[in-house]
Structures are given as structure tokens and as C-alpha cells.
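Participant: Build me a structure from this.
(chains A and B)
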Amino acid sequence: AQTVTQSQPEMSVQEAETVTLSCTYDTSESDYYLFWYKQPPSRQMILVIRQEAYKQQNATENRFSVNFQKAAKSFSLKISDSQLGDAAMYFCAYRSGNAGGTSYGKLTFGQGTILTVHP
Amino acid sequence: DGGITQSPKYLFRKEGQNVTLSCEQNLNHDAMYWYRQDPGQGLRLIYYSQIVNDFQKGDIAEGYSVSREKKESFPLTVTSAQKNPTAFYLCASSWTVTNYGYTFGSGTRLTVV
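Facilitator: Numbering: from 1, shown residues only, chains lettered A, B, ... in the order given. A predicted model of the protein is given here:
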């Protein structure tokens, strides 16, 4: 079974600074997808960024980018120019790409990292 | 607008009662999922369904039941057998074959009183 670990329960950053959230995962599969979700105080889950394992290029969405290290099974999220609205719980998630496997389609989540942004 | 609707937003249950949480989507997604969120434990999968009239247990299915009679609907019943039901419950949907993640509902907060 796949596991996802977020080792930082809480992180903080000053407004306009850069912060990196860590995520590691364990899998024996070669085809999979990785995601970062944001959960603000409203508790609505919002997809921030996704990465296909077969792509070497790191995904980027505006101020959000990832550092995907496939061999190390690491998938960190970098938030640049942090804004007050970035304050939220962030979840890393794994989805199997193996259509014949029992885990196909299911998202496995990490424990989450609470990000605080200081003005 | 397409999306997922969960109701009610807040739900209170007495000890020994069954309660049903509603989840409806109009995205024409094949698959639907129920997750439970507790502090410090992330999201844990309760049940999922990839096609109408079929569903599978997730990691913490004990004390819960589901049905999938329509593509749009995937209600979750929290039974009296669930010993610690107080939690935040999230419903999600997706295409079965997709490179993308899920679309989530806004959640239901269940409290045992």
C-alpha cells in the first residue's frame, strides 16, 4: 500500500517571503500522480498543483511550484511571494496510475501541514 | 454551475442513532468517494464507488454503509456501530480514468451529542 508523509505539522512564513512544504511518499509503482491540495478555514478542498510521475519537468502554477525528486520519492511545494490568503492546511496526495491495480483511482493523503502567514 | 453538494453542513446525532449524509454531483463523474477528516490524521477513505450499483470498502469502512443507485448520488450512513463518529466528512468525485485529482464537496460536520 502506498503511504504519504508530511513531516511538518505546522509552518509559518512572513508575507512576501518563500516557504517550502515537504512531502515524501512510498510506492513500488512507476506510474502515478501527485497532488497538493489547500484547505482554508472554510474547509473547502482546493487543488493547488499536480504532477505526473513520468514527467521530469517540475509543475508550476503561478506562485506555486513543486520540486519532484522521483528517485528520492519526494514532492515538496514551494510558495513564492506568500500572501495572507495562502494561510491554510496543505495536503499532499498520491494517486495510482496503474489501471489494473486495486488502488487505482483512490487518493492517499498525508497528514497535512498548517501554514500560517504573518503580515 | 457543475459541482458537488453535501448536506447538511452540520449534523448532530444522538448515541445509538443512524444518520445519513447526502452527496450529490452534477459533473457526470463516474467515481465518488467518502473521506473522514480528524485532527492530525489527514483524510482517510471510508468507501468509494467507480460505477453505479457497485462500491468498495476503503481503509475505515467499519460502522459505515453506502449506496450508489444513481450516478449523481452517493449517500453515506453512519450507523450506531461506529464508535467514534464525530468528525468532518468530505465527499468527492472524479472520472474513473483521469490524470486529475478529485472535486470535493464542502463537507459535513457530524457531532455526537
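
Participant: Would you enumerate the residues in contact with the closest residue to chain B within chain A?
Facilitator: Proximity of chain A to chain B (C-beta to the nearest C-beta) peaks at residue A:45, 3.8 Å away. Where you see a C-beta, it was placed from the backbone N, CA and C, and this is true even at glycine. Residue A:45 makes contact with A:37-39, A:91, B:90, B:92, B:102, B:104 under the criterion C-beta atoms under 8 Å, 6 or more residues apart in numbering or on different chains.

Participant: Pick out the lowest-pLDDT one from those.
Facilitator: Among those, residue B:102 carries the lowest pLDDT, at 89.

Participant: unless I'm mixing things up, it is touching residue B:35, no?
Facilitator: No: between residue B:102 and residue B:35 there is no contact under C-beta atoms under 8 Å: 9.2 Å.

Participant: what sits in contact with each of these two?
Facilitator: Residues touching both residue B:102 and residue B:35 by C-beta under 8 Å, 6+ apart: residue B:92.

Participant: picking that back up, quick check: phi and psi at the residue lying closest to the residue of chain A closest to chain B once chain neighbours are set aside.
Facilitator: Once flanking residues are discounted, residue A:45 sits nearest to residue B:104: 3.8 Å by C-beta to C-beta, 6 or more residues apart in numbering or on different chains. Main-chain dihedrals, residue B:104, degrees, to the nearest 10: phi -110, psi 150.

Participant: Now do the same contact list for residue B:104.
Facilitator: The neighbourhood of residue B:104, defined by C-beta under 8 Å, 6+ apart, consists of A:44-45, B:4, B:90-92.

Participant: Just grab the bridge partners of it for me.
Facilitator: Beta bridges link residue B:104 to residue B:92 when assigned by DSSP bridges.

Participant: Quick one: classify the residue nearest to residue B:113 when sequence neighbours are not counted as helix, strand or coil.
Facilitator: What sits nearest to residue B:113 in space, not counting adjacent residues and going by C-beta to C-beta, 6+ apart, is residue B:12, at 5.1 Å. For residue B:12, the assignment made with DSSP: H, G, I helix; E, B strand; the rest coil gives strand.

Participant: how much space between residue B:12 and residue A:1?
Facilitator: Using C-beta to C-beta, to the nearest Å, residue B:12 is found at 34 Å from residue A:1.
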